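K.L.:
I need the structure of the sequence given here:
(chains A and B)
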There are 2 protein chains.
Amino acid sequence: MDIYMLAGSPQENVILPELHSGQSWIGVDRGALYLAEKGVHMKAAVGDFDSVSNSEMQVIRASAEEVITHPAEKDQTDLELACTWAEPWAGKLYIYGALGGRMDHSLFALQLLEAVQIPTVLLDRWNRMELLRPGEYTLENTGSTYLSFLSVTDSVEGLVLSGTKYPLRNASLRRGSSLCVSNEWQGDAAFVRFSSGLLLMIHSTDPA
Amino acid sequence: MDIYMLAGSPQENVILPELHSGQSWIGVDRGALYLAEKGVHMKAAVGDFDSVSNSEMQVIRASAEEVITHPAEKDQTDLELACTWAEPWAGKLYIYGALGGRMDHSLFALQLLEAVQIPTVLLDRWNRMELLRPGEYTLENTGSTYLSFLSVTDSVEGLVLSGTKYPLRNASLRRGSSLCVSNEWQGDAAFVRFSSGLLLMIHSTDPA
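P.N.:
Below you'll find the model as predicted:
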């Protein structure tokens, strides 16, 4: 089962129509309030809810099958706890509302991609990000303007890229290199392969 | 000499009063147009300027001591080229307008901190980020609500943190750990020390 999460980052980054298409949602902290107020039913609401009032908490409880609360002073972030909760039974995670505003939260959400053991996509209105491990991937053209790759580890080795404006053949991509920033799709699909390291894939479009 | 850069990310993230205080500015691509339109004199304007019209380019030229243009199809980003240009003679870099919008650009700006050989600070309205190399640092309280740390490398070792709500003594911080997310200042200054790895320091405040 695909699971959609909404965390509490600035909500102008969230694509509203997607909230109403009968998906299985988990609301994370203030993201749960946002979903509840939009009439979206949740499988679960997860968070410390320390910025949510009692009456707002009632709104959340009325829309969620399960409410999982944690203390505000804890070693894990609300998003991390929500992922841990969903991981055993979710097929794929789509996380909205984790980007924008506080960069410590945004960047930690990105690092979380490395820890989560199921396919996970981090999205906002202009970006769609996935962490790729060594292997071969066929990438469906999502209609983004750009297709970029950054190395998360010291380097990514044996990088092959085709079906893009700038192809690569057995390249080495170190962290800090802009070699694969602002590449573009050339058809319905692209192909990427690499032998070692962790590669962050970013589909992005310029804000209007 | 401290150098302030403004790149072309969504400008609502930029703190406007800071643009007018007689600092030495470099405008990067559309950031140069923004500075010129605000009447801010620039030491240089750097970019491919492929989204800037001829009349806008004239506005930029009138406000910049030097205009450095590059082809649109290149292996380096405009921000990277601006940093390379400033690095030999700048004491410290403050980079605005590199966060928000396209995450490939935002994240590459962060990776750039690793490549730039002079102290560099990446800022927006709610965040101030610096990359720390092994050593000892006294951190001045900037008034941010949170003080967070993330490991950029596989791990940061021998991490000591004091003057914060949650101190640490000889800890190991791996990439993907939220151990140092949402720490808080306790006084005018905090102290951090570590022996290996690269540590990203983030001063952040919740958006209003």
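
K.L.:
if I read this right, residue A:151 contacts residue A:178, doesn't it?
P.N.:
No: Residue A:151 lies out of contact with residue A:178 (Cβ atoms under 8 Å); the separation is 11.0 Å. Yep, even glycine has a C-beta here, placed from its N, CA and C like the rest.

K.L.:
for chain A, what spans make up the strands?
P.N.:
Along chain A, counting by DSSP state E, strands occupy A:2-6, A:24-28, A:42-47, A:64-69, A:92-96, A:120-123, A:127-132, A:135-140, A:146-151, A:155-162, A:168-174, A:189-194, A:199-204.

K.L.:
Check which helices and strands the last one sits against.
P.N.:
Which is strand A:199-204. Secondary-structure packing of strand A:199-204 (3 or more Cβ pairs under 8 Å, 6 or more residues apart in numbering or on different chains; DSSP states H and E): strand A:127-132, strand A:146-151, helix B:103-115.

K.L.:
Over to the second one?
P.N.:
Packed against strand A:24-28 by the contact rule (3+ Cβ pairs under 8 Å, 6+ apart) you find strand A:2-6, helix A:30-37, strand A:42-47, helix A:78-86.

K.L.:
domains of chain A?
P.N.:
Here the domain parsing of chain A from automatic domain parsing is A:2-125, A:131-204.

K.L.:
And the pLDDT at the residue nearest in space to the middle of chain A?
P.N.:
Chain A has residue A:122 as the residue nearest its centroid, 1.2 Å off, counting by Cα atoms, centre = their mean. Reported pLDDT at residue A:122 in the predicted model: 95.

K.L.:
now it, nearest residue through space, not along the chain?
P.N.:
Nearest non-adjacent residue to residue A:122, counting by Cβ to Cβ, 6 or more residues apart in numbering or on different chains: residue A:129, 4.5 Å away.

K.L.:
residue contacts, that neighbour?
P.N.:
By Cβ atoms under 8 Å, 6 or more residues apart in numbering or on different chains, the contact list for residue A:129 reads A:110, A:113, A:121-123, A:200-203, B:103.

K.L.:
Filter the residues you listed down to the buried ones.
P.N.:
By neighbour count, with 16 or more other Cβ atoms under 10 Å in any protein chain shown, these hold A:110, A:113, A:121-123, A:200-203, B:103 as buried.

K.L.:
May I see those residues organised as CSV, with distance to residue A:76 added?
P.N.:
Formatted as CSV, the buried ones among the contacts of residue A:129 follow (distance: Cβ to Cβ, whole Å):
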residue, distance to residue A:76
A:110, 16
A:113, 15
A:121, 21
A:122, 17
A:123, 22
A:200, 22
A:201, 26
A:202, 25
A:203, 28
B:103, 23
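
K.L.:
Among the residues you listed, which one lies nearest to residue B:36?
P.N.:
Set against residue B:36, the nearest of those by Cβ to Cβ is residue B:103 (27.1 Å).
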